[in-house]
Structures are given as structure tokens and as C-alpha cells.
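[1] coords please:
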Amino acid sequence: MEAPAVLLVMGVSGSGKSTVGALLASKLGWKFYDADDYHSEENRMKMGKGIPLTDQDRIPWLCSLHNILLRDVASGQHVVLACSALKKMYRDILIRGRSDVPLEVDESAKERLAGEQLLVVYLCGPFEIISRRLLQRKGHFMPPELLQSQFSILEPPSGPENFIQVSVDQSPLEMADAIMEALHTK
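    Residues are numbered from 1 along each chain as shown. Model (predicted):
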């Protein structure tokens, strides 16, 4: 199998998306984006106050991330994106965009992204382990109290999505190594 153009490292807050994503990008020599860096100020303030985001809050953010992926894929750039992408609908927007949002790049990049060119890497684990990690994290706008709301709406990837699943009960480096191994055997 040809290497995917995009690795979408997904999971709830505290699963290690940003750390593992950055490690993967470094190992692969790919560009890295942390979706948290692209949240609007309104979204950051809402989460900071302990208010879970709605679909309406997330859709413009996901559409802008989709445009970034399209731009990079169109230019031949390989990308690792760390993004919660908790629902299948969110992953679909990242891959296909929305029909009511005009395209900023050519249609062929969109086709590559919608094919086998995006691999979802699902970092999964029990609430207890992830909650412990989240409590140790400092300087992030997402308070630990919102973790349960993320687990409540989580739709783990399943067929026909192109995905691999990696357990968070190991170090970020071990997770990145497991993903690298899976990439070479896929």
C-alpha cells in the first residue's frame, strides 16, 4: 500500500494526540498541525469556562482544517494532523469538506484525501487512564471536567473508515513506534 498523504491522529483530550502526532511527523519528516491551534477565540473561551462545544461550534473549525489538508495534499505535502475528530461526521468534514463551502483548491486533491490517502489513527483507552493524564497536563484551555462530555459523544472509527487503533496504556514514544510499525505493514 502507498503511504497515506495524511495521518489523522484522533481521540479524546488527554489521549496524547499532540505529542504522538508531533513524534510521528518528526519520524516521517512530514508537516505537523495541532488542530487546537486553529480553534476560534470563542471556542477557547467556551471550553475554558467548562462548556462543551456543539456541532455548530466545531463545523467552521473543521472546515478550515479541511482546507489546510487540501492545500497541503494538492502541493504534494504529507501531513500529520492531531485532532479530536470525535464523531464520524467530523472526520467526514475533515476528509470531504462540506458541499455548502466553496473549494479553495483543485478537485483532484479532494479525491486523493477521500480515498485511501487519509489514515485515521485512533488513540483509545479507558476514562481512568486518560483522566489521569489530563490532570497532569498544564497550560491547556481544555479543563479536565470536559473529558466526560467527549467520551459521551465519541464515535470510534469503524469500517469502512481507513483506520488503525492504538492503546494509550503505553508511552507516547511506544505509541508512535506502534503506529510506524502499522504503517509499514498496512
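
[2] okay, CA-based contacts and neighbour counts for the rest of this
    Noted.

[3] Which SSE is immediately downstream of the helix or strand of the chain with the lowest mean pLDDT?
    Across the helices and strands of the chain, mean confidence by mean pLDDT, DSSP states H and E is lowest for helix 107-114: a mean of 60. Downstream of helix 107-114, the first helix or strand assigned by DSSP states H and E is strand 118-124.

[4] Packing partners of the helix or strand containing Leu173?
    Using DSSP H and E, Leu173 maps to helix 172-185. If contacts are counted by 3 or more Cα pairs under 8 Å, 6 or more residues apart in numbering; DSSP states H and E, helix 172-185 sits against helix 17-28, strand 163-167.

[5] which of those is buried the deepest?
    helix 17-28 (a mean of 20; mean count of other Cα atoms under 10 Å).

[6] Can you tell me the centre-most residue of the chain?
    Centroid-nearest residue in the chain: Cys83, 2.5 Å away (criterion: Cα atoms, centre = their mean).

[7] Please look at it and Asp37 and confirm they touch.
    No: taking contacts as Cα atoms under 8 Å, Cys83 lies outside contact range of Asp37: 10.0 Å.

[8] quick one: low-confidence parts of this structure?
    Within the chain, the set of residues satisfying pLDDT under 70 comprises 1-2, 99-116, 137-144, 186.

[9] Show me which helix runs longest in it.
    helix 55-74 (DSSP state H).

[10] List the contacts of the helix or strand following that helix.
    Of the helices and strands lying after helix 55-74 in sequence (DSSP H and E), the nearest is strand 79-82. Residues outside strand 79-82 that contact it (Cα atoms under 8 Å, 6 or more residues apart in numbering) are 5-10, 17-18, 21-22, 24-25, 30-35, 69, 72-73.
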